[in-house]
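Peer 1: The sequence isn't on hand, but the structure is:
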């Protein structure tokens, strides 16, 4: 698999297992990065450093600073060297040894100002959104499976140009013409639509999901990307329609074309 391209899976637990196996097979058994040749991916944007969420980076001259921090000289996937030394948060690497769901909550103060990164041999289909590779390997672990269509199809959709996405059309970031059209379809005014959206944001997420998809919604939560993934009940066309709901109740939708399943 090391030579087969980018490995994509559905769940973070699977991602951690695959990353551990692949980095050890590549000759990197340590808990933290050690230097040239390792596959490291950024988890958050750091525009001040020129680092983007989902960007692969190369680390060199790595130093252990303290229990939560290491520092390194960084080069981006485009070959751009970041001046000076960059400080990285260790916690995501520690989770590959012993996962702690409370780790980020406990470390949030110390994490401020640190770059978040992790092993990138395997990534989830949600992290892969918007990226393309010449070759990929899909490890189908069944995330969100409803009728035989799991993360394999979602991963293929997201990396393949034949996929179609509806973009961000949720409660947040909708343009005024979109709001006007939505209000027209619902037979209400834009102001009334905004008031309805505000009330929806205040619902607990379990109630929100039940209201949108019913009590048997089959939505699956991805802890790392903070997204709820569910089949789109309003899509009746060819292929498989899905919705990904953010914490603020905004969402993006997409359709996996039927040829992906053939």
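Peer 2: Cool, got the structure. On a predicted model such as this, the values are computed, not experimentally measured, just so you know.

Peer 1: For the closest residue to residue 89 other than its chain neighbours, give me its contacts.
Peer 2: With CB to CB, 6 or more residues apart in numbering as the criterion, residue 89 has its nearest non-adjacent residue at 4.1 Å, and that residue is residue 114. Where you see a C-beta, it was placed from the backbone N, CA and C, and this is true even at glycine. By CB atoms under 8 Å, 6 or more residues apart in numbering, the contact list for residue 114 reads 68-69, 87-89.

Peer 1: Low-confidence bits of the protein, can you list those?
Peer 2: 1-4, 129-132, 134, 140-183, 185-186, 223-225, 254-262 (pLDDT under 70).

Peer 1: could you pull out the strands for it?
Peer 2: Using DSSP state E, the strands of the chain run over 6-9, 40-42, 56-66, 69-76, 86-89, 115-119, 122-124, 136-138, 164-168, 220-222, 227-231, 240-245, 251-256.

Peer 1: For residue 24, which of the ones you listed is the nearest?
Peer 2: strand 115-119 (10.6 Å; CB to CB).

Peer 1: Show me what the closest one packs onto, helices and strands only.
Peer 2: helix 12-25, strand 40-42, strand 86-89, helix 91-94 (3 or more CB pairs under 8 Å, 6 or more residues apart in numbering; DSSP states H and E).

Peer 1: Now these in a markdown table, please, with extra columns for mean neighbour count and distance to residue 79.
Peer 2: Formatted as a markdown table, those follow (neighbours: other CB atoms under 10 Å; distance: least, CB to CB, whole Å):
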| stretch | mean neighbour count | distance to residue 79 |
| --- | --- | --- |
| helix 12-25 | 18 | 23 |
| strand 40-42 | 21 | 15 |
| strand 86-89 | 21 | 16 |
| helix 91-94 | 18 | 24 |
